[in-house]
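Trainee: Sequence unavailable; structure follows:
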DNA sequence: TCTTGCTCCTGTAGTCACTACAGGAATTAT
DNA sequence: ATAATTCCTGTAGTGACTACAGGAGCAAGA
């Protein structure tokens, strides 16, 4: 059984526009077409879309999702490569967290310093200081 | 004393290209020009650029930095509005941290499950599951 | 059968905050 | 005087979408 793009979107959690975008970018293979030219998706194609969705939720960029899909296609032992890609992404995610946490700390201090009602805002003053 | 754009870039930490971009986008006012048409920056202009840099490091989008610069220009009591903008941004930063932390947790589990050498990668299997 | 309304198609442009040229003019250093 | 550096404008590219415009196909009810 094959499904139209709207159904594939609902089942995978990827919007129609984004599915078409992924196809254009070669993240997923080109969808099969009906007689009238509409895209049709079988079980495997929908599974692939759901995989891409999950990878995006884990922060993988599309370029690495392409690699991951290729590795799944390979029959050979691929776990090493997958682990490297995963560990790499984990490191990037942790770096982003660290950046955001220092932002958060600085912002907290500034917002707290910024008491209501004053004329010269201490937060702005701080940000404008030499 | 006024400085060329290269000096302003060094003193503010904003690259030349980005300074011109900020001007195009109206984040900072249009720079004064020398006789030959080159941009020149006085102390205030460089202070403004440094302010923008710091705000970017705190995660403020350019649209809000524009507002913040406007509020600094106003003589009236602006602390309330600044605090609202700051608190808003703090909330967004905290949401991003929360998202990244759940990514991190899920990724950690997956990467650990992905032992070296196996043929069927458990991480890929997980991501492909129904 | 006709019509209404939904889904789908392609192609293009916009988002955000830059970054990277290309091709030329002016300034500074040797 | 010449060479090296800096600066100018304008345009296009990045990542991962999102939002149309303008048109075609399809399914269900009257």
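Mentor: Good, I have the coordinates. Keep in mind that this is a model prediction, so the values were computed, not measured.
Trainee: list the contacts for residue A:21?
Mentor: By Cβ atoms under 8 Å, 6 or more residues apart in numbering or on different chains, residue A:21 lies in contact with nothing. Just so you know, the C-beta spots here come from the backbone N, C-alpha and C atoms, and that holds for glycine as well.
Trainee: Actually, residue A:11.
Mentor: Residue A:11 neighbours (Cβ under 8 Å, 6+ apart): A:3, A:46, A:49-50.
Trainee: Go through the residues you listed and give me the one with the most neighbours.
Mentor: Counting neighbours by other Cβ atoms under 10 Å in any protein chain shown, residue A:49 leads the contacts of residue A:11 with 23 neighbours.
Trainee: does any part of the helix or strand where that residue lies sit near DNA strand C?
Mentor: Counting by DSSP states H and E, the element that carries residue A:49 is helix A:43-57. No: residues of helix A:43-57 are not located near DNA strand C by Cβ under 7 Å from any atom of the strand, the shortest gap being 12.2 Å.
Trainee: Now do residue A:27 against residue A:60, distance only.
Mentor: Shown here: residue A:27 relative to residue A:60, a distance of 11 Å by Cβ to Cβ, to the nearest Å.
Trainee: on that earlier part again, immediately after the helix holding residue A:49, which helix or strand?
Mentor: Next along from helix A:43-57, by DSSP H and E: helix A:62-73.
Trainee: That following helix packs against which elements?
Mentor: helix A:43-57, helix A:79-113, helix B:122-128 (3 or more Cβ pairs under 8 Å, 6 or more residues apart in numbering or on different chains; DSSP states H and E).
Trainee: Wondering if it reaches DNA strand C at all.
Mentor: No: applying Cβ under 7 Å from any atom of the strand, one finds helix A:62-73 separated from DNA strand C by no less than 14.4 Å.
Trainee: For that helix, the averaged confidence score.
Mentor: Averaged across helix A:62-73, pLDDT comes to 93.
Trainee: Please list the residues outside that helix that contact it.
Mentor: With Cβ under 8 Å, 6+ apart, helix A:62-73 has contacts from A:22, A:25-28, A:48, A:51-52, A:55-56, A:60, A:78, A:81-82, A:85, A:88-89, B:121, B:124, B:127-128.
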